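K.L.:
this is a predicted model, with the sequence first.
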Amino acid sequence: MCRIGAIKSLNYVHPSQALLLMQSQQKGHDNSGFAMVMHDLGGIFEGYKHLPTLSLACTDEGLKVAEDMLHAAGFQRVLQWVPEVNDKPGLDINAMPNYVFETFDYPKHIKKSSQKEKEELLLDMRLNLRAALEDDEMGFVYSFWPDVVTLKEIGDPRDIGTYFNLWEADSKFTARVITAQCRQNTNYDIVRYAAHPFFLQGFTALANGENTFYQKNKEFQRKLHRGYIGFESDSQCFLYTLHYVHRQLGWPLSYYKHVITPLPFEEIGHRDDAQELQAIRQSLSHLEINGPNTIIGVLPDNTLFTCCDAKKLRPIVVGRSSDTVVFSSEVCGINEILPDRDWETDIYPNEREIVVIDNNLEVQRWKQ
């Protein structure tokens, strides 16, 4: 079983907190990797929230290919952060030669374009970079988006934290929303792209569990959007459905739950919105999921949410203080981060709801 976690705070949080959150759940994962996505960046990135940041792990050749492509497309680099690594002997990490986080100004021809046009360009650029770097594993492009940084690596999470000097908190590398998982994909080949969390156009998703409708989801999704690629993990389907329902169709988040775990027909028949829910079941039945799973997601506006499968077969708990909310597969993770909270206010989401945290840290529970 995987373990997942998320931190959302009114203050900027260092990734060391995400490592502590996951370390306390060590017995629930296999130490095969660590990955995180950071939204709403602070530190050295705080002044560049409106510009896209590239998160890239690559060889020397891959770095040259990527930078040449970006330059040719008209992107101008305004900030580069290369983390200092601690490459001491004995660390269990399958490290790449380069880890680069670069922020770019948009090409001149698109600076006055709409936000949607810019977002489509960023997606196309990331897909082009990924395709160009796939040969000989020259590089892995995890995200290219404003106010977002992604890190994924194979190895022991403790050693990954040591390698990137993430155990000691500082003010350079922080965010208000961090999602993390400490396990590589185990159903298929272990590759960096298969590690949770998954990211697409401002949306992030990660999961604890499995999706036994993976094949059905995959065959349907790959025809829906050019960004639905890879499918290195069955849990990527959760991200693509979230993106499709919320961005492509423009539906409210509440309908995401109705798509992935629709209500039984007999329950639908007694509801005021029965016609809409029946239409969803008929038109999007190939996006329904099955199997034990819990999902954590982040929307482009940094809303954080979680929901479970229709039988609640994977755990999740929500704990909060006055300035921070933590999602965790196990309560021990929250105890590590928020030891002084009021434990009686912890939430254990049920199988028919979405728990949503807005940017004021207001907790909402939406019954399906």
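P.N.:
That came through fine. Source: prediction; values computed, not measured.

K.L.:
with only the CA atoms kept, save the helix or strand containing Val100 in CSV.
P.N.:
Using DSSP states H and E, Val100 maps to strand 98-105. Taking only C-alpha atoms (Å, rounded to 0.1, in the frame of the first residue of the first chain), the coordinates of strand 98-105 have been written out as CSV:
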residue,chain,number,x,y,z
ASN,A,98,21.6,17.6,-13.4
TYR,A,99,18.6,19.0,-11.5
VAL,A,100,17.5,22.3,-12.9
PHE,A,101,14.7,24.7,-12.0
GLU,A,102,14.6,27.6,-14.5
THR,A,103,12.0,30.4,-14.7
PHE,A,104,11.4,31.9,-18.1
ASP,A,105,9.7,35.0,-19.5
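
K.L.:
partner strands of that strand, with direction?
P.N.:
Sheet pairing of strand 98-105 (DSSP bridges) gives strand 52-58 (antiparallel), strand 76-81 (antiparallel).

K.L.:
please, where are all the helices along the protein?
P.N.:
Assigned helices in the chain, in chain order: 15-23, 60-72, 115-133, 157-163, 214-221, 236-243, 254-260, 265-268, 274-283, 331-337 (criterion: DSSP state H).

K.L.:
most tightly surrounded among these?
P.N.:
Counting by mean count of other Cβ atoms under 10 Å, helix 236-243 has the highest mean neighbour count of the helices of the chain, with a mean of 26. Glycine gets a C-beta too; all of them are placed from N, C-alpha and C.

K.L.:
quick one: distance of that one to the chain centre.
P.N.:
Centre-to-centre, helix 236-243 and its host chain are 10 Å apart (Cα atoms, centre = their mean, to the nearest Å).

K.L.:
for that helix, packing partners?
P.N.:
With contacts defined as 3 or more Cβ pairs under 8 Å, 6 or more residues apart in numbering; DSSP states H and E, the packing partners of helix 236-243 are strand 198-200, strand 203-209, helix 214-221, helix 254-260, strand 293-298.

K.L.:
adding distance to Met36, write those out as CSV.
P.N.:
What follows is the helices and strands packed on helix 236-243, written out as CSV (distance: least, Cβ to Cβ, whole Å):
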stretch, distance to Met36
strand 198-200, 11
strand 203-209, 9
helix 214-221, 24
helix 254-260, 22
strand 293-298, 12
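
K.L.:
what sits against the closest residue to Thr345 other than its chain neighbours?
P.N.:
In this structure, Thr345 finds its nearest non-sequential neighbour in Arg320, 6.6 Å apart by Cβ to Cβ, 6 or more residues apart in numbering. Neighbour list for Arg320: 326, 338, 341, 345, 361, 363 [criterion: Cβ atoms under 8 Å, 6 or more residues apart in numbering].

K.L.:
in strands, which of those residues fall?
P.N.:
Cross-referencing the contacts of Arg320 against strands under DSSP state E gives 326, 363.

K.L.:
just the buried ones from the contacts of Arg320?
P.N.:
326, 338, 341, 361 (16 or more other Cβ atoms under 10 Å).

K.L.:
now the phi/psi pair for the second one, please.
P.N.:
Torsion angles at Leu338 (phi, psi; degrees, to the nearest 10) stand at phi -130, psi 70.

K.L.:
isn't it right up against Thr324?
P.N.:
Yes: here Leu338 reaches Thr324: they are 6.3 Å apart, a contact under Cβ atoms under 8 Å.

K.L.:
how near is Ser9 to Asp346?
P.N.:
Using Cβ to Cβ, to the nearest Å, Ser9 is found at 17 Å from Asp346.

K.L.:
distance to Gln278 and pLDDT for the contacts of Arg320 - can I get that in TSV?
P.N.:
Shown next, in TSV, are these (distance: Cβ to Cβ, whole Å; pLDDT from 0 to 100):
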residue	distance to Gln278	pLDDT
Val326	37	98
Leu338	42	97
Arg341	42	97
Thr345	37	96
Leu361	36	98
Val363	31	96
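
K.L.:
farthest pair within the contacts of Arg320?
P.N.:
Greatest spatial distance among the contacts of Arg320 (Cβ to Cβ): Leu338 and Val363, at 13.7 Å.

K.L.:
that older thread, for Gly43, which of the helices of the chain is the nearest?
P.N.:
Among the helices of the chain, helix 15-23 comes nearest to Gly43, with 10.7 Å by Cβ to Cβ.
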